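> Here's my sequence, what's the structure:
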Amino acid sequence: LSKGFLACPALLGLKWSWQWHHARTCSMTCLGDMLGDELTKEIQAVLPECLSPVSDNVDVQARHVQHSAHSSGNVQQLLEKLADGDSGVRWEATKALGQLATKDDALVVSGLLGRIADPSRLVRNDAVEALVQVSERGNGTVVVSLLELLVHETWYVREAAARTLGRATSRGDARAITGLVRVLQDQRDEVVQSALSSLGMIARRGDSTVVDALLEQLGSGGSWLTKSATASALAQVAEFGEERVVSALLEKLNEPHEEVRRAAMAALPQLADASDRHLIDLLIDTLACTSSIPDARAAAASLLGKVVGDAHGLGRGISTIVVSALLMHARNASENWLVRRACVDALTQIVPKGQVDIVHGLIPLAHDEDTGVRQAAIEAFTLLAPRGHEDIVRSLLPILDGSGGSDDEKLPFMRKAAVEALGAVAKVGDARVVQVLLARLNDPSDGVREAAGEALKRVSEAGDDAVLEALLAELMQDEG
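Residues are numbered from 1 along each chain as shown. Here you go, the predicted model:
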């Protein structure tokens, strides 16, 4: 051990280089493990020298700050480190303060607010996290300081301040909301996106001033990220059934960027009233509009499924109109495949299980030329068809026994869908189905074999010797 003490100053005194970093760090770790709390004054004296700040060396800086924090618990020392010339030291000090400082410590809050304007992104991000941890939501000092930073000359400072306000401000705070609405005019998309996110967090639902600003933002252009963030904010702030918001979001179904369409689709079910006949008509018209892009029409179909499917006590007339429109487009062979698939998926959300007339209308789609449409139809059988539906069983068997002359049996996902549908629809004890499923226990696809095993449990009769022998043979083969 004494040799370790003698060797340590020599090791620590080596000129810094990346090659020596690992050796010095490992040596200090080993010494710490051996001595524990019994570290001598000699080691304590040379430890800071070993871990002196070196530019871009976060590991070394982290050890220095952590040693200072845990050995003395002196928050004041950490506050001093916030002004260090090295960003790595400031970063570790910021993180440590978030863990060690007491709630609403004025000095700590002030120090962390100062790091919101730090040139280092890592420091800024952790200053936001630490500030949220050590200050109560709605702290007046924090809110006022952040509002002042919203007009800072540097864009990334404005962005950090806008982002922090959403987590540090009480819901409905008029000062913060006004400041964030003003920031929506910022020239930097990053600042606007953070302001939108924060407005969604703190604005009260139905705040007309905020809704007006968001609608203006949605129609003013900007990047796809900004449009998506605006749609998400509207979902959090607008009133349920607010027609002008629903109309504005419906227009975004024609956006060329998929993420904007997705954001609008996610927002609409939270705001759209399924009993609003005008809304349903708009969606049906969008679905039928061949001049719209296929993605927009598919989105309209998906929304019909979501909005009508989630509605309770919806009039039978509206449901019938929606189901008829979806089924018509799904069965139209000249229609875009994406639209057709979306219509089939939407039907599974609206139609109750066992509605034979709708299920019968989907049967031809099990042999459609488009693979996606076929798969959607077969998966719909699993969800909608009543057990014992013979026509569906007859349409599925050729997919698995090859008698249909199609390429379906070559596609593992198609075989798996057919197996699962048979397990849900076929009558218990149907010998044809049992034999086909037994053959699928030897399928080259793991997913198909597993699905076949589950399906056999549902359609085979208890004590069926052929099934038991096949399952045992499969088990023995797996173990072998």
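
> List the contacts of residue 305.
Taking C-beta atoms under 8 Å, 6 or more residues apart in numbering as the criterion, residue 305 is in contact with 326, 342, 345, 346, 347, 348, 349, 350. C-beta: built from backbone N, CA, C; applies to glycine.

> ok, now residue 111?
By C-beta under 8 Å, 6+ apart, the neighbours of residue 111 are 79, 82, 97.

> hmm, 10 Å instead?
For residue 111, the contact set (C-beta atoms under 10 Å, 6 or more residues apart in numbering) comprises 75, 78-83, 93-94, 97, 101, 105, 127, 130-131, 134.

> Sort out for me which of the contacts of residue 305 are in helices.
The helices, defined by DSSP state H, take in 326, 342, 345, 346, 347, 348, 349, 350 from these.

> What about the first one, how many residues nearby?
Same thing as residue 326. Neighbourhood size, residue 326 [other C-beta atoms under 10 Å]: 27.

> What does the pLDDT read for it?
At residue 326, the predicted lDDT confidence score is 97.

> repeat for the one 5 residues further on
pLDDT for residue 331: 96.

> same thing with residue 80?
At residue 80, pLDDT is 90.

> Can you tell me how far the spatially closest residue to residue 344 that is not a sequence neighbour is from residue 413?
Nearest non-adjacent residue to residue 344, counting by C-beta to C-beta, 6 or more residues apart in numbering: residue 376, 4.0 Å away. Using C-beta to C-beta, to the nearest Å, we find residue 376 at a distance of 12 Å from residue 413.

> who has more neighbours, these two?
residue 376 (25 against 13).

> other SSEs contacting the strand or helix carrying the more buried one?
Using DSSP states H and E, residue 376 sits in helix 371-384. Judged by 3 or more C-beta pairs under 10 Å, 6 or more residues apart in numbering; DSSP states H and E, the packing partners of helix 371-384 are helix 316-331, helix 337-350, helix 356-362, helix 390-401, helix 412-425.

> I'd like the distance from that helix to the chain centre, please.
26 Å (C-alpha atoms, centre = their mean, to the nearest Å).

> Give the rounded mean pLDDT of it.
Here the average pLDDT along helix 371-384 is 95.

> For it, list every residue counted as buried.
Neighbour-count burial for helix 371-384, counted by 16 or more other C-beta atoms under 10 Å, picks out 373, 374, 375, 376, 377, 378, 379, 380, 381, 382, 384.

> circling back to that earlier point, from the ones in helices among the contacts of residue 305, which is closest to residue 235?
The shortest approach to residue 235 among the ones in helices among the contacts of residue 305 belongs to residue 349, at 19.5 Å (C-beta to C-beta).

> Quick one: neighbours of that closest one, just the number.
Residue 349: 16 surrounding residues under other C-beta under 10 Å.

> Quick check: closest non-adjacent residue to it.
In space, residue 349 is closest to residue 309, 3.4 Å off (C-beta to C-beta, 6+ apart).

> got it, and residue 411?
residue 371 (7.0 Å).

> separation between the one you found and residue 455?
According to C-beta to C-beta, residue 371 stands 22 Å off from residue 455.

> and if you look at residue 420?
7 Å.

> what's the answer for residue 359, then?
19 Å.

> What are the neighbouring residues in contact with residue 347?
301, 304-305, 309, 322-323, 326-327, 330, 355, 358-359, 361-362, 376-377, 380, 383-384.

> again, 8 Å this time
So residue 347 contacts 305, 323, 326, 327, 330, 358, 362, 380, 384 (C-beta under 8 Å, 6+ apart).
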